[in-house]
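**Student:** take this sequence and fold it.
(one chain, ligands or ions: 1)
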Amino acid sequence: MGTVEVPELTSQPKTTATKRMTGAEAMVRILLEENVDMAFGYPGGAIMPVYDALYDHQDTIHHVLARHEQGAIHMAQGYARANGKVGVCLATSGPGATNLITGIADAQIDSTPLVCITGQVNSSLLGSDAFQECDVLGISMPVTKWNYQITRAEEIPQALAKAFYLARTGRPGPVVIDITKDAQFEEFDFAYQKCTSLRSYTPKPKLDLSKVEEAAELINNAERPYVLFGQGVLLANAEKEFKQFIEKTGIPSAWTIMGLSALETDHPLNVGMLGMHGNYGPNLLTNECDILIAIGMRFDDRVTGNLSTYARQAKVIHLEIDPAEIDKNVSADVPVLGDAKESLTELIKHVKPNSHEEWLQRFRDCDKEEWDKVIEEELHPTTDVLSMGEVIRIINKKTNDDHILVTDVGQHQMVACRYTNFSRSKSNITSGGLGTMGFGLPAGIGAALGAPDRTVIAVVGDGGFQMTMQELATIYQTKAKVKVLLLNNEFLGMVRQWQQLFFEKRYSSTELINPDFQQLAKGFYIPTKKVTERENLDKAIEEFINYDGAYFLEVMVGKENNVFPMVPSGSGVAEIRLE
Ligand SMILES: Cc1ncc(C[n+]2csc(CCOP(=O)(O)OP(=O)(O)O)c2C)c(N)n1
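**Tutor:** Below you'll find the model as predicted:
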């Protein structure tokens, strides 16, 4: 989805009474109108009037001061994904705004609703290379659902109403509102009207019932139907309908990393993870199913591998909200455009009760093979070297399979997603599409603040942690109860693994000579422990989980452990390697 034209309001929801105030004050009033009680950001010259207005509303809008704008936006992402509201992020012009860009791109590819407000130089200086001026609209255009620059206070209400509406509806995404400093100072007659529809924007395509019937017909006659589910199920709050659908039809179902937790791990039809480091059966059997039913997923290349050999034998049914995703990577024999909840509700009515025991057994057989060759050793290592998998196994036990998992990017991400057990949905937060190292710690902080009643565990590698570790200060300042688990292999592990397997073990710039992470955590006044021996692991994890507050646990894991299975880059899903 790219930038959309400035659309016109067509609906007439409730309007607040007119009152004279500055643009900055109006912006804060709008945040309140939009039910925002937390915002993440970092101040600077061009956004100072907004921060000044926030000063008067500290009781109702909690502003979380990050230590870097990238930290702030990943916090806003973690917050949005954990509690379902739009994440709000504030930054100053120039470097403040450019520091947001990675997070904006991350939110765009992972469909996370954000409103980012950036200050801008005075409108009279625009285009003059003024101090801290940069073309935020130009830079963010390809990675936002919509962006807009405000130069007059009177534009604020309508622009922000659209921003919130666009961010949260349809396929969610990030919106950038850039506002010049003079527009923040300018006084005007403020009134606010929430946006509920836009003439040129259709958040949910109207469901074509004939497509639903066509899909049902294929499903009812299938011998080896197979469901792939993604984040669309979670974003549509369609977990219940999804489960009804697969239970009625008895179809084995595999998840993308973004769909993880939409179906509980121990559900008999949950056959596991798709993708490069996904499970054996789900990858291999993609090329044996007769009907492939993709629900709220976008056939990312990490999932499909080589497209020319991907599921060629299957007829494809694609349930998807975004028309741009249909036929983008894999062409759909039956596209069902619409919101997953609505599409599944209709589909359930048309499918016949069924079971596919023999076909399901194929997945179980593959599972057994993967267990014997990979999983057993990862979860219960026979050497003295600690594995990432055994750490995750103990975490499952100590949290009763009920916590929010936030991950950074690399081997630890793959292991944590593969082996974490989920009993509740919306419990997995990761950088799926962009693969942004540095995401985990700040997203974990945002998740802990957004879902204070949940146990939030941010699993990070020693590489990614060092990209945003300054946010430990934000933990100290906010008292966010995030539990940080550092799986330290003293390498940029995932890249090292590739160097080992595909570059003749030429470890070019992947070994990390690390600082003393224990001293570091102590410097930020966070309780901390380091585990190097298996005999201390269980107790340390118990303390880590049970501690009422933030905690930093570092576990030294095998330096040259690898994550398997693996679909080598450029290979087809059936070429998945178990070793
Ligand atoms: C910002 C960014 N830079 C580079 C990469 C490429 N990359 C992917 S995984 C990885 C290694 C991660 O190392 P670490 O954080 O220690 O985690 P590990 O793989 O060891 O678990 C790198 C460098 C990336 N994904 N993101």
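
**Student:** ok, L449 - contacts?
**Tutor:** By CB atoms under 8 Å, 6 or more residues apart in numbering, L449 lies in contact with 38, 64, 75, 79, 478, 480. In short, each C-beta sits where N, CA and C put it, glycine included.

**Student:** how close does the closest residue to K211 other than its chain neighbours get to L344?
**Tutor:** Excluding the flanking residues, the one nearest K211 by CB to CB, 6 or more residues apart in numbering is V336, at 4.8 Å. Distance of V336 to L344, computed by CB to CB, to the nearest Å: 9 Å.

**Student:** any residues in contact with both of these two?
**Tutor:** L319.

**Student:** circling back to that earlier point, wait, which of the contacts of L449 is closest to the ligand?
**Tutor:** M75 (16.8 Å; CB to the nearest ligand atom).

**Student:** the closest one: neighbour count?
**Tutor:** 34 (other CB atoms under 10 Å).

**Student:** any buried residues in the strand or helix carrying it, and which?
**Tutor:** Taking DSSP states H and E as the definition, one finds M75 inside helix 69-83. Within helix 69-83, the residues that count as buried by 16 or more other CB atoms under 10 Å are 69-83.

**Student:** which of those residues sits closest to S355?
**Tutor:** R81 (34.3 Å; CB to CB).

**Student:** just to revisit the earlier point, am I right that the residue nearest to K211 sits in a strand?
**Tutor:** Yes - judged by DSSP: H, G, I helix; E, B strand; the rest coil, V336 forms part of a strand.

**Student:** wait, it sits on I317?
**Tutor:** Yes - contact between V336 and I317 holds when scored by CB atoms under 8 Å: they sit 6.6 Å apart.

**Student:** what touches both of these two?
**Tutor:** Taking CB under 8 Å, 6+ apart as the contact rule, the neighbours common to V336 and I317 are A215.

**Student:** is N354 in a helix, a strand, or coil?
**Tutor:** With three-state DSSP as the basis, N354 sits in coil.

**Student:** ok, now how distant is it from the ligand?
**Tutor:** Going from N354 to the ligand by CB to the nearest ligand atom, to the nearest Å gives 41 Å.

**Student:** pLDDT value on that residue, please?
**Tutor:** Predicted confidence (pLDDT) for N354: 98.

**Student:** quick one: residues contacting it.
**Tutor:** 220, 248-250.

**Student:** can we see that at 10 Å?
**Tutor:** By CB atoms under 10 Å, 6 or more residues apart in numbering, N354 lies in contact with 219-220, 222, 225, 248-251.

**Student:** tell me the two of the residues you listed that are most distant?
**Tutor:** By the measure CB to CB, A222 and K248 form the most distant pair in the contacts of N354, at 13.5 Å.

**Student:** which of the two has more neighbours?
**Tutor:** More crowded of A222 and K248, by other CB under 10 Å: A222, with 22 against 17.

**Student:** that one touches P252, doesn't it?
**Tutor:** No - with contacts counted by CB atoms under 10 Å, A222 stays clear of P252, the gap being 11.5 Å.

**Student:** the ligand versus the nearest residue to A222 once chain neighbours are set aside, what's the distance?
**Tutor:** Nearest residue to A222, sequence neighbours excluded (CB to CB, 6+ apart): I291, at 4.1 Å. Going from I291 to the ligand by CB to the nearest ligand atom gives 34 Å.
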